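Asker: sharing a model prediction with you, sequence too.
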Amino acid sequence: MSPLRNAQKWLDERLEWDDLIAPLRKKTVPKHHLSYWYFLGGITLFLFVIQVLTGILLLLYYRPGANEAFESVQYIMTQVQFGWLIRSIHSWSANLMIFTAFAHMFSVLFLKAYRKPRELTWVSGVILLFLVMGFGFSGYLLPWNTLAFFATKVGTEITGQVPVIGKPMMIFLRGGEEVTGATLTRFFGFHVAVLPGLATLLILIHLLLVQRQGISVPPKLEVEWSRNPAAKREMKFFPNFALRELMAWYVALGVLGALAAIFPWNLGVKADPFVPAPAGIKPEWYFLFMFQTLKLIPPKVWFIDGEVLGVLAFGWIGLVWLLLPFFESDDPAHPKPWITGFAVIALAYVAGMSVYGHLAK
Amino acid sequence: MSGQRHRGRARLRPCRKGPQDDGALASEVSRPHSMHVRFSIHEMVLRSCLAVLLLCTLGYSQTKNSCLDCHSALPDPLGVSQETFSHDIHAQQGLTCASCHGGDPTNDDADKAMSRKAGWKGKIDRAQIPQLCGSCHSDAAFMRQYNPSLRTDQLSQYKTSVHGKRLAAGDSKVAVCTDCHSVHDLRAPSDPASTVNPVNVANTCAHCHADAGYMSAYKIPTNQFSEYSKSVHHDALAVRGDLSAPTCTTCHGNHGAAPPGVDKVQNVCSNCHTFQAQMYEKSSHKKAFDAASLPGCVVCHGNHGISHPTDAKLGVGPDTVCMRCHTPGDACDQARAGLLSSLSQLDKAIKNADQVLAVAESSGMEVSEARLGQDQARDSLTKARVTIHSFRTDLVNQDIQAGLKVADKNLQAGQQAMVERNHRRLGLAVSLIAIGLVLIGLRLYIKQIES
């Protein structure tokens, strides 16, 4: 008996391993011309794992504090063996993860994979996207450089615009009236403890739901396959789909390595709260569409403050987005076309505003 | 005329012209309450009446100025618009036309308002202008109420100036107060629109000094402004907006304007270029220039058209300075060549390091410490350029060596970063090949299990 078989037998005797992975053996993945979109969720998960691993390594040297944070990241980038690689991978992976999370969400939306009975999978996924953006927002401040400092200042100021709870929320986020070392410590706590805990829990729920409900098929194909079961095409999750997913992960790893080696993440200049904000300060690309929208809204719309109106509008749209599956028809033959229209407009708006925000001075 | 001016001033400081006890009274009124001055009932009633009378007079005079009713509609040179006069610092402080020109601005009848009986002086004679301005501006007690930090020696300084002396000698073409400060829209020097704001001073002086026709009688050059406009000082002031950079008045003085004189040039330059002056003071050139009655700094740097000093000035070309006096091949020429070579060496070393660091930085390498270190090397080069004024090669070389050491260290840091960058790219290539092989292997394996 091979050592691998021996190990498998040893585990099976103690954990009943075969029973544990039995569902995976039975699990199948629909096979059609849009199957490639199924890889996006897995790639996002892979990037999250990379984030956790590189994040733990960064924690060995990073010191949160206004007087130490920048210097510790500088030390990681220049003195620690492969520190530059770990930090660059962490930063690039964060951006790629947010991109793949957005892409995964829109693919689910356009493939209408959120329909009954997968409403909770969608809800957990959207909350995960919000958490991932929270990771981005909190992590951006940690190197304590000029851009991060002022972007956080602007970002938390926007939070302060939320009626009633805005101001206390802003003070809670900042740890005071202003962005200071207290904000940095706080954001560090969110970034390495609160958010990872919540995200891990939600990822487990998300995966469990995917496992329980199987992988969705686009409505048109679902109707076609239910009429003609012989036309149904599937592949085994393990090993067929899993190996393909593994290939996608390797590609992601290659892209990540190339980005980190050719474009190491810039450290910038240490934050100085006493200097004026650099001209044309902008948040990270994934917040640009909201930032640009708020910039375009006039200071007063009727009697409402423009920024407050913008924040409230985004809040409501976010809520509708979260509850989108509950507006969808149960009948796959007659899905609601307005939801697809809404998704198209949303995608065009997010992409257009992001590009506009990037180019605007 | 004079009486009327005093009438204008009397409105602003009513006690000044009164009897001695009134003067004392005014100074007592202006004291803070904490001084606990004891007044009798009689005195208090008298003071109250005077105060009410003063306020009424002031209030009326501020609302009534019949001069502008007519003069705002008249063409130049008699025209003064309300808008123009509103910018005038005197108008803003409550002074009126009558404060300088006399007359009765409260009277709507032009003949009565501009009657000699009412103290009207008409157009002020140019020769009288400095005295008229000085009657207030030389009065420290009077000026203190408006601006305690304002100097009051303008008139006495003016009298020592070339302008003042010529005016006293009967030359009415020379500049008087209003020629530089303007009239009727006279603004504080800190106002960017003021003719004496540092940025505008050169233009103001050039108004006369660049006019060859106007200046022909004086037989002095009129190219100062055109020269100055090309100078490093003009560039600093007008282009870079450095208000501390010198303009005409910085070197010549303002109210006491006069050429510095050959033996005093160094004193003028050293006001800003302190270290250069200290070096020069101890140098062999100082003695030589003094002996030859040469005007120090100006010999090498020029005066109005001082260009940005480059190391090339130490060369041997047509625009260079040393070889104007020195003989080619002598000991000084050799020292000059050595200094030039040292400066060029450090300059080149800094540029080399900058170039390598820039490439490393654009490749994403973290070289901020070396970048910061470059400032230290640049400081050494600047220091060496200052030390040149000692004309001692040993001192200059000390600074050069210190700079070279730092620049070399930074260059090494940049080169090391480039080596590291190449290692990273090699590592990436190996990793990508490995990933590619795994992908091919996986693809083949999938094909095999699915066939």
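Answerer: That came through fine.

Asker: how close does the residue of the stretch 151-300 of chain B found nearest chain A sit to B:Pro192?
Answerer: Using C-beta to the nearest C-beta, B:Gly241 is the residue of the stretch 151-300 of chain B that sits closest to chain A, at 17.2 Å. All C-beta spots, glycine's among them, are computed from the backbone N, C-alpha and C. Separation of B:Gly241 from B:Pro192 (C-beta to C-beta, to the nearest Å): 10 Å.

Asker: joint contacts of these two?
Answerer: Overlap between the contact sets of B:Gly241 and B:Pro192, as judged by C-beta atoms under 8 Å, 6 or more residues apart in numbering or on different chains, is given by B:Val199.

Asker: contacts only, for residue 322.
Answerer: Using chain A. By C-beta under 8 Å, 6+ apart, the contact set of A:Leu322 is A:Val123, A:Val126, A:Ile127.

Asker: looking at chain B here, not the other one
Answerer: B:Leu314, B:Val316, B:Cys332, B:Asp333, B:Arg336.

Asker: from those, which would you call buried?
Answerer: Burial by neighbour count, 16 or more other C-beta atoms under 10 Å in any protein chain shown: within the contacts of B:Cys322 this picks out B:Leu314, B:Cys332, B:Arg336.

Asker: which positions in the lowest-mean-pLDDT helix or strand in chain A come out as buried?
Answerer: Across the helices and strands of chain A, the lowest-confidence element by mean pLDDT, DSSP states H and E is helix A:17-26, at a mean of 79. Neighbour counts using 16+ other C-beta under 10 Å place no residue of helix A:17-26 among the buried ones.

Asker: quick one: list the elements packing against that helix.
Answerer: Under the contact definition 3 or more C-beta pairs under 8 Å, 6 or more residues apart in numbering or on different chains; DSSP states H and E, helix A:17-26 sits against helix A:3-15.

Asker: which of the contacts of B:Cys322 lies closest to chain A?
Answerer: Taking the contacts of B:Cys322 together and measuring to chain A by C-beta to the nearest C-beta, the closest member is B:Leu314, at 36.8 Å.

Asker: ok, that closest one to B:Lys230 distance?
Answerer: 21 Å.

Asker: next: B:Gly119.
Answerer: 50 Å.

Asker: neighbour count: the two, which is higher?
Answerer: A count of neighbours by other C-beta atoms under 10 Å in any protein chain shown puts B:Gly119 above the other of B:Gly119 and B:Lys230, at 19 against 12.

Asker: I'd assumed B:Pro105 was in contact with that one.
Answerer: No. Using C-beta atoms under 8 Å, B:Gly119 is not in contact with B:Pro105; the gap is 11.1 Å.

Asker: pLDDT weak spots in the stretch 51-200 of chain B?
Answerer: B:51-64 (pLDDT under 70).

Asker: which parts of it sit against chain A?
Answerer: Applying C-beta under 8 Å from any C-beta of the partner chain, one finds that the stretch 51-200 of chain B does not approach chain A at all.

Asker: quickly find the element holding B:Gly441.
Answerer: helix B:393-450 (DSSP states H and E).

Asker: what helices or strands is that helix leaning on?
Answerer: helix A:242-262, helix B:331-362, helix B:368-387.

Asker: from the contact counts, what lies against the longest one?
Answerer: Using 3+ C-beta pairs under 8 Å, 6+ apart as the contact definition, the elements that helix B:331-362 packs against are helix B:368-387, helix B:393-450.

Asker: give me the residue from the stretch 1-150 of chain A nearest chain B.
Answerer: For the stretch 1-150 of chain A, C-beta to the nearest C-beta, closest residue to chain B: A:Met77, 4.4 Å.

Asker: which residues does A:His358 contact?
Answerer: A:His358 neighbours (C-beta under 8 Å, 6+ apart): A:Lys282, A:Trp285, A:Leu288.

Asker: my guess is A:Ala231 meets A:Trp225, correct?
Answerer: Yes. Contact status for A:Ala231 versus A:Trp225: in contact at 5.8 Å, counting by C-beta under 8 Å.

Asker: which one's more surrounded, the two?
Answerer: A:Trp225 (17 against 11).

Asker: for that one, give me phi and psi.
Answerer: phi -70, psi -30 (degrees, to the nearest 10).

Asker: can you tell me the closest non-neighbouring residue to it?
Answerer: Spatially, and ignoring its direct neighbours in sequence, A:Trp225 is nearest to A:Lys232 (4.5 Å; C-beta to C-beta, 6 or more residues apart in numbering or on different chains).

Asker: so that neighbour makes contact with A:His32?
Answerer: No. Between A:Lys232 and A:His32 there is no contact under C-beta under 8 Å: 9.6 Å.

Asker: re earlier: following the least confident helix or strand of chain A, which helix or strand shows up next?
Answerer: strand A:28-30.

Asker: and that next one with chain B, contact?
Answerer: No. Using C-beta under 8 Å from any C-beta, strand A:28-30 never reaches chain B; the gap is at least 13.2 Å.

Asker: and the closest residue to B:Leu395 other than its chain neighbours, what pLDDT?
Answerer: Nearest residue to B:Leu395 in three dimensions, chain neighbours excluded: B:Thr387, at 5.0 Å (C-beta to C-beta, 6+ apart). Note for B:Thr387: predicted pLDDT of 95.

Asker: look up how far B:Ser431 lies from B:Thr387.
Answerer: 53 Å.

Asker: filter the contacts of A:His358 to the buried ones?
Answerer: In the contacts of A:His358, burial by neighbour count holds for A:Lys282, A:Leu288, counting by 16+ other C-beta under 10 Å.

Asker: for the contacts of A:His358, give me a markdown table that also has secondary structure and pLDDT.
Answerer: Below are the contacts of A:His358 laid out as a markdown table (DSSP: H, G, I helix; E, B strand; the rest coil; pLDDT from 0 to 100):
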| residue | secondary structure | pLDDT |
| --- | --- | --- |
| A:Lys282 | coil | 88 |
| A:Trp285 | helix | 94 |
| A:Leu288 | helix | 94 |
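
Asker: how confident was the prediction at B:Ala10?
Answerer: 33.

Asker: what number of residues lie near B:His87?
Answerer: 16.

Asker: so the spatially closest residue to it that is not a sequence neighbour: helix, strand or coil?
Answerer: What sits nearest to B:His87 in space, not counting adjacent residues and going by C-beta to C-beta, 6+ apart, is B:Asp185, at 4.8 Å. Three-state assignment for B:Asp185 (DSSP: H, G, I helix; E, B strand; the rest coil): coil.

Asker: now the strands for the stretch 101-250 of chain A?
Answerer: For the stretch 101-250 of chain A, the strands defined by DSSP state E, counting those that start in this stretch occupy A:234-236.
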